[in-house]
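> next come a sequence and a model predicted from it.
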Amino acid sequence: MPLPSAGRDAGSSRLLSGATSFPGVSRKAGSRGRLAVWLVPPLALVVAIALAVAVASGSGAGASSRRSSRPARSAVAPLVPAGTAQPSATTTTAPATTTTTLPTTTTLPTTTTTTAPTTTTAPATAGTTSALPPPGTGLLPQTTAVPSSATPTFHAEMVALWAGIRTGDLALAMPSFFPVTAYEQVKAYDDDRLDWSDRLVYHFGLDLAAAHAALGPGARSARLVEVAVPQDLIHWVPPGACYNKIGYWNVPGSRLVYEEGGEERSIGIASLISWRGYWYVVHLGSEVPPADEGVVDNPAVGIGPFGPPGGC
């Protein structure tokens, strides 16, 4: 684009009037026209340079403004160049857990338990006088031997007792009763023999008659099946208890099981006590009977109830 109103050098078509002189720049012959071109650039070039500078300045300011408006970022650890060994991480290892393993089962030592049978049954076999306790046994001293209800002696005693119940005859039953000579050693009464005959034997006869009556018209044909003695109710009665001078074993509520008219029934023996390892009847119907009355101890169908525990 031509500059406005510029003078022309003779022999040159280049514009000179608008040239800007720079100190220290000399002209040489033959180069005047070229020097003018470099020293006085076209206006369009000047404008373009100015615009470029302005744009560059604006861009920088905008970028700066944009940078300042961004939220601050957290510091990022610098990347480690490839091939640079990284420091190994420190690892804390938890101590190993100690586990105590219990055995699946604990075996206790085997315990041997001897359990006394609840009852000992005496079969109803025919007794003989030779199987009864020897004569004079009551004169001998007491022992702590526990009687058995599984001996021929006990069987013979129970057969004698049942014979007295079937017939109502007290004399037949007396071999099963506690002997007077032993009673005199046991008790501390003023007159032990009188107490034995007037109280114990007297009530034994009343109870025997009551049991005979309970059997009814078929009493003589009633058959003794068994005598059941509750072993777990056997206990020692010590000296000083029940007016005793010496002790003895006692078992309450044994059962006389019998069959009559095709039916099994039973009655109780209120109290058996021991002398030198033999059982004897001391109370048939009741330990404390009513005056002048016989008692039948717990008559029942079948074996009936044992006990109650305790007694003299």
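Ah, there it is.

> and the end-to-end length of stretch 161-180?
For stretch 161-180, the first-to-last residue distance is 17 Å (C-alpha to C-alpha, to the nearest Å).

> ok, and for it, which residues are buried?
Neighbour-count burial for stretch 161-180 flags 161-166, 168, 170, 172-179 (criterion: 16 or more other C-beta atoms under 10 Å). Yep, even glycine has a C-beta here, placed from its N, CA and C like the rest.

> next one: stretch 200-218
For stretch 200-218, burial by neighbour count (16+ other C-beta under 10 Å) applies to 200-201, 203-212, 215.

> same question for stretch 238-257.
Neighbour-count burial for stretch 238-257 flags 242, 244, 247-257 (criterion: 16+ other C-beta under 10 Å).

> closest one to residue 140 out of these, please.
Closest approach between those and residue 140, by C-beta to C-beta: residue 248, at 13.6 Å.

> verify the contact between the closest one and residue 239 for me.
No - contact between residue 248 and residue 239 fails when scored by C-beta atoms under 8 Å: they sit 9.6 Å apart.

> quick one: contacts for residue 273?
Contact analysis of residue 273 by C-beta atoms under 8 Å, 6 or more residues apart in numbering lists 178, 237, 248-250, 279-280, 282, 312.

> and the furthest pair within these?
Spanning the widest gap among the contacts of residue 273 are 279 and 312, at 14.8 Å by C-beta to C-beta.

> what secondary structure does residue 220 sit in?
helix (DSSP: H, G, I helix; E, B strand; the rest coil).

> what sits against the nearest residue to it once chain neighbours are set aside?
Nearest in space to residue 220, with sequence neighbours left out and distances taken as C-beta to C-beta, 6 or more residues apart in numbering, is residue 166 at 5.6 Å. Residues near residue 166 by C-beta under 8 Å, 6+ apart: 212, 215, 219-220, 222.

> now do 7 Å
Taking C-beta atoms under 7 Å, 6 or more residues apart in numbering, we find residue 166 in contact with 219-220, 222.

> among those, who's most crowded?
In terms of neighbour count, residue 222 stands highest of the contacts of residue 166 at 19 neighbours, by other C-beta atoms under 10 Å.
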